[in-house]
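I need the structure of the sequence given here:
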Amino acid sequence: MAGKAGGQATGKKLAQILIHVGYQKCGSKSIQNYTNINRKLMKHHGIATIKGTKIGNSDLALMAYGGVPSRISSMKSTYGLPESATEEDVYAAIEKKIDEDIAAFELPSLFFSYEGLLRLPKEGVERIIKLLSKYTDTIKVLAIVRRQDRQCISGYTTRLRNSDLSHRSIFYNLNNQIVGIDYFKHLNFWNRQVGRQNMTVLAFEDMTDVSFDFAEWLGMDPTKVKIPPRQNPSLSAQGQEVLRAFNEQYADKEPWKKHRQTLRTILRDEVLPKGSPLLPASKDVEAYMDNFKQGNRRLMKKYLKDGTNYNNDIKKYPDEMTPYQLEDGELEKWLNEAVEKAGLDIKAVAN
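Purely as a prediction, here's the structure:
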């Protein structure tokens with residue numbers, strides 16, 4: 001049914017649609033919180049969002065429309081579709097919601113944002129742009145990239161929190177697949193659809209505050225907007241080791257298994273100390289970055305400004321990785337603090 005996107009009922013044309021094509025640990029939460037706290041000011045500048053595509057502050061429906069199975073499943077629930085609904089049924093429901101919301105939209109500029117849009121395959125990008133092009137002749141894209149090693153190190157805590165990951169291989173996920181994408185390749189998917197003149201690509205390393213650059217991209221004065229607080233401060237290497245050890249020793253055992261996501265979230269957000277994360281050995285960083293060498297050269301040449309800090313070494317990596325060593329009973333101490341905050345009637349006891 002995605003092919004029927006051209007059959008919208010509104011006939012309305014917007015001046016422009018703006019899309020933040022996000023990627024993990026590249027400022028997406030800051031952008032979404034910015035749009036939330038500056039909603040009235042954005043409307044004053046003719047920019048707003050719609051509700052039909054959102055879960056929370058992010059436009060998850062676009063990710064579903066891009067063909068991501070887990071997001072398609074999420075939108076079934078959000079739209080009240082039966083479990084038997086096909087992806088084509090979900091696409092049709094998304095088209096209908098967007099059409100209804102745009103019919104009632106009274107401003108010239110519509111804004112979308114989702115953290116994972118940059119990793120969509122070519123076919124997903126094409127499907128999204130084909131749909132949105134029915135409502136405007138101008139689609140502008142903002143993407144923020146962060147050198148893969150730094151993005152991956154920052155994301156290690158998230159992988160520990162969101163899965164049963166229990167290894168210290170920072171550059172690999174739970175399934176031992178390498179983490180990270182070739183930004184150049186994925187930016188080209190969007191570039192082919194909207195044109196280079198409508199693409200703004202910024203390096204996270206060139207920013208002092210994501211919200212300032214985002215405000216400027218929207219055409220707003222960054223000195224006159226509300227700047228959200230920094231999002232997701234890093235867990236320290238100590239905190240990461242506690243999460244890792246929890247996944248290794250408790251997460252898959254009863255009675256912990258059914259509470260593991262709640263406890264991981266409390267440990268990450270409320271209990272464990274923040275600070276400098278675990279750093280990989282320099283030789284491992286070099287080997288990892290070899291996977292992206294050619295793509296990064298092309299990225300800087302085509303998309304990033306002259307003099308970018310994207311490929312600069314911001315901090316020196318150690319010769320060897322040195323994980324934090326938990327003391328006897330330390331894991332259980334932190335875990336029981338999280339248990340208490342969760343109001344659970346269980347207790348961790350050190351062996």
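
low-scoring stretches of the stretch 251-351 of the chain, by residue?
Nowhere does the stretch 251-351 of the chain drop to pLDDT under 70.

could you show me where the strands are in the stretch 51-200 of the chain, in order?
109-114, 139-145, 199-203 (DSSP state E, counting those that start in this stretch).

And these: which comes nearest Ser133?
Among the strands of the stretch 51-200 of the chain, the nearest to Ser133 by Cβ to Cβ is strand 139-145 (6.7 Å). In short, each C-beta sits where N, CA and C put it, glycine included.

before we move on, back to that, mind putting the strands of the stretch 51-200 of the chain into CSV with mean neighbour count, distance to Ala287 and mean pLDDT?
Listed next are those as CSV, based on neighbours: other Cβ atoms under 10 Å; distance: least, Cβ to Cβ, whole Å; pLDDT from 0 to 100:
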stretch, mean neighbour count, distance to Ala287, mean pLDDT
strand 109-114, 24, 31, 98
strand 139-145, 23, 21, 99
strand 199-203, 21, 23, 99
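
now those in CSV, with distance to Val179?
Conversion of the strands of the stretch 51-200 of the chain to CSV gives the following (distance: least, Cβ to Cβ, whole Å):
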stretch, distance to Val179
strand 109-114, 19
strand 139-145, 15
strand 199-203, 19
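
Quick one: residues contacting Lys51.
By Cβ atoms under 8 Å, 6 or more residues apart in numbering, the residues touching Lys51 are Asp101.

Kindly report the same for Lys25.
Counted by Cβ under 8 Å, 6+ apart, Lys25 has contacts 146, 151, 154-155, 158.

ditto for Gln16
108-110, 136, 138-140.

phi, psi of it?
Reported as degrees, to the nearest 10, the phi and psi values for Gln16 are phi -160, psi 160.

Measure how buried the residue lying closest to it once chain neighbours are set aside is and give me the count.
With Cβ to Cβ, 6 or more residues apart in numbering as the criterion, Gln16 has its nearest non-adjacent residue at 4.2 Å, and that residue is Thr138. Close neighbours of Thr138, defined as other Cβ atoms under 10 Å, add up to 16.

pLDDT score for Thr138?
With respect to pLDDT, Thr138 scores 98.

wait, isn't it in contact with Ile17?
Yes: using Cβ atoms under 8 Å, Thr138 makes contact with Ile17 at a distance of 7.3 Å.

Enumerate every residue touching the residue nearest to Gln16.
Thr138 touches 15-17, 198, counting by Cβ under 8 Å, 6+ apart.

One more: Glu248?
Ser166.

how about a cut-off of 10 Å?
By Cβ atoms under 10 Å, 6 or more residues apart in numbering, the contact list for Glu248 reads 164-167, 331.

ok so, going back, can you tell me how far the residue nearest to Gln16 is from Tyr172?
40 Å (Cβ to Cβ, to the nearest Å).

hang on, the earlier thing: looking at the strands of the stretch 51-200 of the chain, which is nearest to Asp345?
Closest to Asp345 of these is strand 109-114 (Cβ to Cβ; 38.3 Å).

coming back round to it: list only buried entries from the contacts of Glu248.
Neighbour counting with 16 or more other Cβ atoms under 10 Å marks 165-166, 331 as buried within those.

and the residues you listed as TSV, adding distance to Ala92?
TSV is the format used below for those (distance: Cβ to Cβ, whole Å):
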residue	distance to Ala92
Leu165	36
Ser166	41
Leu331	49
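
which among these gets closest to Arg297?
Leu165 (31.0 Å).

and the closest residue to Met63 other than its chain neighbours, what pLDDT?
In space, Met63 comes closest to Arg71 once its chain neighbours are excluded; the distance is 4.2 Å by Cβ to Cβ, 6+ apart. pLDDT, Arg71: 97.

Could I get the contacting residues of Arg71?
Contacts of Arg71 by Cβ under 10 Å, 6+ apart are 55, 60-65, 90, 114, 116.

Repeat that for Pro323.
Residues near Pro323 by Cβ under 10 Å, 6+ apart: 168, 237-238, 240-241, 244, 278-279.

The same query, at a cut-off of 8 Å, please.
So Pro323 contacts 168, 237, 241, 278 (Cβ under 8 Å, 6+ apart).

can you list the residues you listed in CSV and add distance to Ala48?
Converted to CSV, these look like this (distance: Cβ to Cβ, whole Å):
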residue, distance to Ala48
Arg168, 44
Ala237, 42
Glu241, 44
Leu278, 41
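
So Gln249 is in contact with Leu331, correct?
Yes: with contacts counted by Cβ under 8 Å, Gln249 reaches Leu331, the gap being 7.0 Å.

Good, wrapping up.
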